[in-house]
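fold the following.
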Amino acid sequence: MNTITSDPIADPIACPSPSALRVAMARALHQLLDRPLVLEDPFALGMLGPETAAALMLDPDAYNDVPARSLRAGIVARSKFAEDRLLRAVASGCRQYAVVGAGLDTWALRSAQSLPAVDVYELDQPAMQAWKHRRYADNAWMPPARLRWLPADLREASIMDALAHGGANLSARMAVSILGVLVYLDHAVVERAIHALGALPIGSVLALDYRLDEQCLAPVERTMMQFTAQIMAAGGEPWQSSSTPDRMKALLATAGFDVEEDLGPAELNARYLARRRDGLQIAGGGFRYLSACKVR
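Prediction:
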């Protein structure tokens, strides 16, 4: 079987971010293979482009070996974790959501009817946003009225500058998700991005994932992470940063954030993937999933 940690199915116009396409494929395969759904996403397949979507629909089990299931479990569980935190923020009055490194995320489409008062800002590189525009056109999807696509490369630009240029109200609370992003940035860029978020007002919330330092892992987990890192590097998107819970907590504290939760795979499995007959679980402890609130 093929795992989606290998090269994604080729599209006539290649997706500029193989990692973004892999994430979208995992979300789409979750709709085809897994019950009950952790994350309902009726737009997931359409986001892939017609050739990739058709290939997955013809033979989804070709992408259902053990590594692919673990990756898929992690992707859908981390999205549910971040979106649950967002919903709590919206319930308390937050009306702005920034998706940093949005890739092929579909929250804006899924929530357009149920939460029409939330402004959504998707930050990503221009080439990735152009590819996503084509997916909208292919599927005749109308962009939600409150969705804004903001071109930004975090290696060169500040999250806050991009939001300001995109018309966000930086004096009002904001929920921010940064999923599948920090691992591809070097330590200096990660620190700069987190420090920039210190300009958000008190009450803003943040959900992110980060790679755990290898010395924090058991030998088997370390080997698994090294193997996956080699695959990512071979695909042109090498992993560049990692952290420990203590270092990440300290970094966020410098920006005025207090960590609410910092969960490993075992906690995420217990929360979102317990007692499943299909055995969908995150294997290994290489990544952690964190939420934080701006308190000062």
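
state the distance from the nearest residue to Asp34 once chain neighbours are set aside to Ala26.
Using Cβ to Cβ, 6 or more residues apart in numbering and skipping residues adjacent in sequence, the residue nearest Asp34 is Leu280, 5.5 Å away. C-beta here means a position set from N, CA and C on the backbone, and glycine is covered the same way. Leu280 sits 11 Å away from Ala26, taking Cβ to Cβ, to the nearest Å as the criterion.

so what sits against both of the two?
Residues touching both Leu280 and Ala26 by Cβ atoms under 8 Å, 6 or more residues apart in numbering: Arg72.

okay, and the beta partners of Arg288?
For Arg288, the beta-bridge partners under DSSP bridges are Tyr210.

returning to what we had before: how about the contacts made by the residue nearest to Asp34?
Counting by Cβ under 8 Å, 6+ apart, Leu280 touches 34, 38, 69, 72-73, 273.

nearest the geometric middle of this structure, what residue?
Residue closest to the mean C-alpha point of the chain, counted by Cα atoms, centre = their mean, is Leu179 at 3.1 Å.

and it, what pLDDT?
At Leu179, the model reports a pLDDT of 98.

again, but for Ala10
So Ala10 comes in at 48 (pLDDT).

which residue ranges of the stretch 151-296 of the chain form helices?
159-165, 187-196, 219-234, 245-254, 265-272 (DSSP state H, counting those that start in this stretch).

a markdown table for those, including mean neighbour count and mean pLDDT?
Listed next are these as a markdown table, based on neighbours: other Cβ atoms under 10 Å; pLDDT from 0 to 100:
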| stretch | mean neighbour count | mean pLDDT |
| --- | --- | --- |
| helix 159-165 | 18 | 96 |
| helix 187-196 | 17 | 96 |
| helix 219-234 | 14 | 86 |
| helix 245-254 | 16 | 98 |
| helix 265-272 | 17 | 97 |
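
switch the ones you listed over to a markdown table; also include distance to Phe287.
Below are the helices of the stretch 151-296 of the chain laid out as a markdown table (distance: least, Cβ to Cβ, whole Å):
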| stretch | distance to Phe287 |
| --- | --- |
| helix 159-165 | 21 |
| helix 187-196 | 14 |
| helix 219-234 | 9 |
| helix 245-254 | 12 |
| helix 265-272 | 7 |
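
so which of those gets nearest Arg211?
Proximity to Arg211 (Cβ to Cβ) singles out helix 219-234 among these, at 7.6 Å.

quick one: the closest one to chain centroid distance?
With Cα atoms, centre = their mean, to the nearest Å as the basis, helix 219-234 stands 19 Å off its chain's centre.

give me the angle between it and helix 265-272.
Going by axes from the mean of the first three to the mean of the last three Cα atoms, to 10 degrees, helix 219-234 is angled at 90 degrees with respect to helix 265-272.
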